[in-house]
Each structure stands twice: as structure tokens, then as C-alpha cells.
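1. have a look at this prediction, sequence included:
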Amino acid sequence: MQKVVSFYEKLPRGPAPEPQAKGLLGRYQKAYFGKNASARPIVHAIIFFTAIGYAQNYYFHLRHHKNNAH
């Protein structure tokens, strides 16, 4: 039993320290999720998918109409 007691005596007390955000995704999550939750990630996703969709439309269809219509 003494081993168990000595193990728990060595553990830190109090609340755990706040983890530091690392990298681009970590900073983004810290900014918009958790305590500072907002709807901005939804807006960012809509803008991202709109831009990707337009790029695909341009590449597969609209670039052929640049100089002459069909």
C-alpha cells in the first residue's frame, strides 16, 4: 500500500495547465473552438468549398469557353 500512496503523493495537485496551441491547426482550434466557440469555422468551410467548386468548374468546363463559346 505504501507504493500506491507514494505514487499519488508525487502527482501534481490542482488544475492541469492549459495546453499550448502548436501549429496552424492548433492555433485555429484555440481561436474558434472550446472557450471561444463561434460559427466562423462554418463560414470558412463554405468559402473554402465554394472556391474549390469554382476552381473545378473553371478547370473542367469554363476554360474551354475563354476564347470562343460553343
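-> Looks like it arrived, so ask away.
2. tell me the contacts of Tyr41?
-> In this structure residue 41 is Pro, not Tyr. The contact partners of Pro41, by C-beta atoms under 8 Å, 6 or more residues apart in numbering, come to Tyr28, Tyr32, Phe33. Yep, even glycine has a C-beta here, placed from its N, CA and C like the rest.
3. one more: Arg40?
-> Counting by C-beta under 8 Å, 6+ apart, Arg40 touches Tyr32.
4. so in the chain, which helix runs the longest?
-> Assignment by DSSP state H gives helix 40-60 as the longest helix of the chain.
5. and it, how far out from the chain's middle?
-> 16 Å (C-alpha atoms, centre = their mean, to the nearest Å).
6. so which bits of that helix are buried?
-> With burial defined by 16 or more other C-beta atoms under 10 Å, not one residue of helix 40-60 is counted as buried.
7. and that helix, C-alpha only, in PDB?
-> As requested, the backbone C-alpha atoms of helix 40-60 are provided in PDB (Å, rounded to 0.1, in the frame of the first residue of the first chain):
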ATOM      1  CA  ARG A  40     -16.700  31.200 -38.100                       C
ATOM      2  CA  PRO A  41     -15.500  27.700 -39.000                       C
ATOM      3  CA  ILE A  42     -18.800  27.100 -40.800                       C
ATOM      4  CA  VAL A  43     -18.300  30.300 -42.800                       C
ATOM      5  CA  HIS A  44     -14.700  29.400 -43.500                       C
ATOM      6  CA  ALA A  45     -15.800  25.900 -44.700                       C
ATOM      7  CA  ILE A  46     -18.500  27.400 -47.000                       C
ATOM      8  CA  ILE A  47     -16.000  29.800 -48.500                       C
ATOM      9  CA  PHE A  48     -13.400  27.000 -49.000                       C
ATOM     10  CA  PHE A  49     -15.800  24.700 -50.700                       C
ATOM     11  CA  THR A  50     -17.100  27.500 -52.900                       C
ATOM     12  CA  ALA A  51     -13.600  28.300 -54.000                       C
ATOM     13  CA  ILE A  52     -12.800  24.700 -54.700                       C
ATOM     14  CA  GLY A  53     -16.000  24.200 -56.600                       C
ATOM     15  CA  TYR A  54     -15.400  27.300 -58.800                       C
ATOM     16  CA  ALA A  55     -11.800  26.100 -59.500                       C
ATOM     17  CA  GLN A  56     -13.100  22.700 -60.600                       C
ATOM     18  CA  ASN A  57     -15.700  24.300 -62.800                       C
ATOM     19  CA  TYR A  58     -13.100  26.500 -64.400                       C
ATOM     20  CA  TYR A  59     -10.700  23.700 -65.000                       C
ATOM     21  CA  PHE A  60     -13.200  21.200 -66.400                       C
END
